[in-house]
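A.B. asks: would you be able to build a 3D model of this:
(2 chains)
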There are 2 protein chains.
Amino acid sequence: MSGKDIEVEGSGKHCHVTRETLDALYGEGFELVVKKMLSQPGQFATPHKITVVGPRRSAEVTILGPCRKADQVELSQTDATSLGFSPPIRESGDLADTPGCKLIGPKGEVEISEGVILAKRHVHMTPEDAAELGIKDKQIIKVKVGGGRSLIFDEVVARVSPDYATYMHLDYDEFNAASISSSNHVGEIL
Amino acid sequence: MSGKDIEVEGSGKHCHVTRETLDALYGEGFELVVKKMLSQPGQFATPHKITVVGPRRSAEVTILGPCRKADQVELSQTDATSLGFSPPIRESGDLADTPGCKLIGPKGEVEISEGVILAKRHVHMTPEDAAELGIKDKQIIKVKVGGGRSLIFDEVVARVSPDYATYMHLDYDEFNAASISSSNHVGEIL
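C.D. replies: Predicted coordinates for the structure are as follows:
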C-alpha cells in the first residue's frame, strides 16, 4: 500500500475445505500441495480440484489451502448462474442459510448442507495500514479503480488483522467489469 | 425513467453487420428475422448467429438488426480474453484501430479489418429526459446501482437523441459485478 492506493487482486472460483472433507474427497491424511503462495500470509493455491455439483451443471473448482474450519465454495455471479445456484453475498465464514451442494473428489463424495457464497467484496488490511487511513475492522468503504472502465466499488468491507497483508480482493466479474489488468491494478480508497 | 432513476439492461456479446456482410455470410438478399424488439426504437434481436474467429478460439455471436453502416463485434472483457482479443473500449461506430477478425456464416466467410470492441458503458437518453436532468450529449456521468454489491459506474457516456429511449446499457461483466437482477435493475444518476 502507498498513500490511499491499494493493490487489487482477482479471485477465480475456489473452495476451502475442512480436514474431514479433504479426507473424504482425496483420501485419509492427504496433504495439499502448494502450487503458489498467495498474498495473504500462509494462504496458498493448490493444483487440486474438486467438482462442485450445482442444480443446473457442475464445475471444477480449485482448492485453496490450508484446511479451514468450514467448507466454503466461492463463486462469481456468472459462475453461480451457470451452475444454477442463487447464493447470497456473504463474508467468508458467514455461512448460515447459504446453499449446500455435492462435492466430488477422486476418492469420494461429500454432501455439504451449506457453504456456497458470492464473496462480499473486501479489502484485507494490516492494523498499521488501517490506522494510517483511519479505517476500522468491518468498516464499509469505497474504492475507485481508474481507467476507461473506471468503477467505484461501494459496499467494500475492510477486514483488519495482523494476520493479513493489505490487498483488495475482487472476483472476475468485478475485475473484468473494471478492465483491470497488470498495468491497471491499483485502487484508490475514497 | 423517473426522477434520477434509470433502467439498466445487460447486453450479451453481439454483432452488427452491413448489408454486404450479411449477403456474404447468409446469402444474397437474406432478411433478418425479428426474434425480439429491443428497448431502443427499431433495434431487434435475431435468431441468427455468426462465428467470430479470435486469435485463441471462436464463439457464436448473435446478430442484432437492422443492418448498419459498419460491421461491429461487441464483447465483454471476459469474452475478449477467452477469444484472445485485446480490444479497446470504444463507443459504437468509433472503430479506427480496433482489431479485425474472420466472421463465418452458413453461406460464407468475411474478413473484417476492424470492428472488435469493448463497448464503452453508456446511457441512451431522449432529449426530454436529458434536458430534465441537465445532461448534454456526450457528457460523462456516474450511475449508482444499489444492493449488496453496489457499484458506482464511472465514465458513463450519455448519448442523447430523439431516436433513443432512456436506458443504461452494460455488458454482463458489469451487470454481474453489481449482481443486477430483475428485482434490482434501476440505477441512480449521480
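A.B. asks: check contacts around residue A:187.
C.D. replies: A:5-8, A:143-145, A:153, A:168 (C-beta atoms under 8 Å, 6 or more residues apart in numbering or on different chains). (Each C-beta comes from the backbone N, C-alpha and C, glycine too.)
A.B. asks: looking at these, which are in helices?
C.D. replies: Using DSSP state H, no member of the contacts of residue A:187 sits in helices.
A.B. asks: beyond the helix or strand containing residue A:52, next helix or strand please.
C.D. replies: Assigned by DSSP states H and E, residue A:52 belongs to strand A:44-53. Downstream of strand A:44-53, the first helix or strand assigned by DSSP H and E is strand A:58-65.
A.B. asks: that next one - what's its average pLDDT?
C.D. replies: On average, the pLDDT along strand A:58-65 is 98.
A.B. asks: can you pull the buried residues of it?
C.D. replies: A:59, A:61-65 (16 or more other C-beta atoms under 10 Å in any protein chain shown).
A.B. asks: okay, now the sheet partners of it, with direction.
C.D. replies: Here strand A:58-65 has these sheet partners by DSSP bridges: strand A:14-16 (parallel), strand A:44-53 (antiparallel).
A.B. asks: save the ones you listed as CSV, and put in mean neighbour count and mean pLDDT too.
C.D. replies: Putting those into CSV (neighbours: other C-beta atoms under 10 Å in any protein chain shown; pLDDT from 0 to 100) gives the following:
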stretch, mean neighbour count, mean pLDDT
strand A:14-16, 21, 98
strand A:44-53, 18, 98
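A.B. asks: got those strands as JSON lines, with distance to residue A:180 columns?
C.D. replies: Below are those laid out as JSON lines (distance: least, C-beta to C-beta, whole Å):
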{"stretch": "strand A:14-16", "distance to residue A:180": "18"}
{"stretch": "strand A:44-53", "distance to residue A:180": "19"}
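A.B. asks: out of those strands, flag the one nearest residue B:70.
C.D. replies: Taking C-beta to C-beta, strand A:14-16 is the member of the strands paired with strand A:58-65 nearest to residue B:70, at 41.3 Å.
A.B. asks: what's the following helix or strand after the closest one?
C.D. replies: helix A:19-26.
A.B. asks: tell me which of the contacts of residue A:187 fall in strands.
C.D. replies: Of those, the ones assigned to strands by DSSP state E are A:5-8, A:143-145, A:153, A:168.
A.B. asks: what parts of chain A come near chain B?
C.D. replies: Proximity of chain A to chain B, by C-beta under 8 Å from any C-beta of the partner chain, involves residues A:76-78, A:81, A:88-89, A:118, A:120-121, A:142, A:144, A:148-155, A:171-174, A:176-179.
A.B. asks: whichever of those residues end up buried, select them in ChimeraX.
C.D. replies: A single ChimeraX command suffices to select whichever of the residues of chain A next to chain B are buried according to 16+ other C-beta under 10 Å:
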select /A:76,77,78,81,88,89,118,120,121,144,149,150,151,152,153,154,155,171,172,173,174,176,177,178,179
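A.B. asks: mind checking which of the residues of chain A next to chain B are in helices?
C.D. replies: A:77-78, A:81, A:172-174, A:176-177.
A.B. asks: coming back round to it: tell me how far the strand holding residue A:52 lies from the chain's centre.
C.D. replies: Mean-position distance between strand A:44-53 and its chain equals 13 Å (C-alpha atoms, centre = their mean, to the nearest Å).
A.B. asks: could you export it as PDB, CA atoms only?
C.D. replies: Taking Å, rounded to 0.1, in the frame of the first residue of the first chain, the C-alpha atoms of strand A:44-53 are listed here in PDB:
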ATOM      1  CA  PHE A  44      -1.800 -20.900  -1.000                       C
ATOM      2  CA  ALA A  45      -3.300 -22.100  -4.300                       C
ATOM      3  CA  THR A  46      -3.100 -25.900  -4.900                       C
ATOM      4  CA  PRO A  47      -3.100 -28.000  -8.100                       C
ATOM      5  CA  HIS A  48      -6.100 -29.900  -6.700                       C
ATOM      6  CA  LYS A  49      -9.600 -29.600  -8.000                       C
ATOM      7  CA  ILE A  50     -13.000 -30.800  -6.900                       C
ATOM      8  CA  THR A  51     -16.200 -31.000  -8.800                       C
ATOM      9  CA  VAL A  52     -19.000 -28.800  -7.400                       C
ATOM     10  CA  VAL A  53     -22.400 -30.100  -8.400                       C
END
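A.B. asks: show me where chain A dips below the pLDDT cut-off.
C.D. replies: Along chain A, the model assigns pLDDT under 70 to residues A:1-2.
A.B. asks: still on that earlier bit, and of the buried residues of strand A:58-65, the nearest to residue B:49?
C.D. replies: residue A:59 (24.4 Å).
A.B. asks: would you confirm that that closest one contacts residue A:50?
C.D. replies: No - using C-beta atoms under 8 Å as the test, residue A:59 is too far from residue A:50 to be in contact (9.8 Å).
A.B. asks: separation between residue A:128 and chain B?
C.D. replies: 28 Å (C-beta to the nearest C-beta, to the nearest Å).
A.B. asks: count of neighbours near that residue?
C.D. replies: 12 (other C-beta atoms under 10 Å in any protein chain shown).
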